[in-house]
Structures are given as structure tokens and as C-alpha cells.
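J.: Have a look at this prediction, sequence included:
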Amino acid sequence: MTRSAAEVILAERERQRAAEGYHDSWDDTFVLGELRAAGRCYLVATFPGDAPPPGWPWDERAWKPVAFRPRNLIRAAALLVAEMDRLRRLGDWLEVSSVAAEICVVERRIDALLAEVPE
């Protein structure tokens, strides 16, 4: 059975926390929208080896797109979730709503792509 986009996004966010060490205290250091910017960059990721798109907030070595398009979208959504959680901790509810709307759009794209992947 194929997992839903919400399930794979949350699994990726947990992987980021467990494997990469990207916990709340780390995310809270990015106060200029870097998490959101990185998520948006993964939305347009093309091929491994390509340079990061304009707006990539970090060192080029941190740019790690993969050839499997849904995986880049999942990574994008997980970064957006991290940004939404950071904004929640700040109580910035207007921006939380804005990021949540972006996540919903990405989630629908992921669900559509996952439906095309044979089980």
C-alpha cells in the first residue's frame, strides 16, 4: 500500500531530526526565512549535480537533489514543515498560515506523483 504524502513528509522530517540532527534549536537559528527558501529551491530541483537555484540560502555543498522527483518534493515539504514549526514557536500565526498553504499545494503534487509509482 502506498503511503500518503502527509505520511512521507512527516517521515522525512523525522529523518532530518534523527539522522541530520536538525532539531528545533537548530531550526530556530534560521530567522531570515532560510528554511522556507531552501524548501522552495527543492520544489524546482532538476538533476543531481546541477548548481542550486537562485535563492538557495546555504553553501552549495548542502544542495542535494536527487533524480526521483517526488523525493525532492518531499524534502521541500519537510523543510517547509520545519519553517512552519519555527514560526509557530514564535507565535507568527499569519506566516504559519502562509507556509501551511504552501505545504498543502506541495502535498497534493506529491500525492499525484506517488499515485503514478507502481507498488
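T.: Structure's in. What do you need? Residues are numbered from 1 along each chain as shown.
J.: And the strands in the protein?
T.: Ranges of strands within the chain: none, based on DSSP state E.
J.: center of it - which residue?
T.: For the chain, the residue nearest the mean C-alpha position is residue 76 (2.5 Å; C-alpha atoms, centre = their mean).
J.: need the contact list for that residue.
T.: 39, 40, 41, 42, 43, 45, 106 (C-beta atoms under 8 Å, 6 or more residues apart in numbering). In short, each C-beta sits where N, CA and C put it, glycine included.
J.: Residue 63 touches residue 55, doesn't it?
T.: No: in this structure residue 63 lies outside contact range of residue 55 using C-beta atoms under 8 Å: 11.4 Å.
J.: Of the two, which one has the most company?
T.: Taking other C-beta atoms under 10 Å, residue 63 and residue 55 do not tie; residue 63 has more neighbours (18 against 13).
J.: how about that one, what does it touch?
T.: By C-beta under 8 Å, 6+ apart, the residues touching residue 63 are 41, 51, 52, 56.
J.: now with 10 Å?
T.: For residue 63, the set of contacting residues under the criterion of C-beta atoms under 10 Å, 6 or more residues apart in numbering consists of 38, 41, 42, 45, 48, 49, 50, 51, 52, 53, 56.
J.: try residue 43
T.: Applying C-beta under 10 Å, 6+ apart, the residues contacting residue 43 are 53, 72, 73, 75, 76, 77, 79, 80, 102, 105, 106, 109.
J.: Buried ones among those?
T.: Among those, those scoring as buried are 53, 72, 73, 75, 76, 77, 79, 80, 102, 106, 109 (criterion: 16 or more other C-beta atoms under 10 Å).
J.: So which of the residues you listed belong to helices?
T.: When DSSP state H defines the helices, the subset of the buried ones among the contacts of residue 43 inside them is 72, 73, 75, 76, 77, 79, 80, 102, 106, 109.
J.: Now distance to residue 15 and pLDDT too, for the residues you listed, in TSV please.
T.: Shown next, in TSV, are these (distance: C-beta to C-beta, whole Å; pLDDT from 0 to 100):
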residue	distance to residue 15	pLDDT
72	15	94
73	15	95
75	10	95
76	14	97
77	13	97
79	12	98
80	15	98
102	20	96
106	17	96
109	20	94
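J.: I appreciate the help and will end here.
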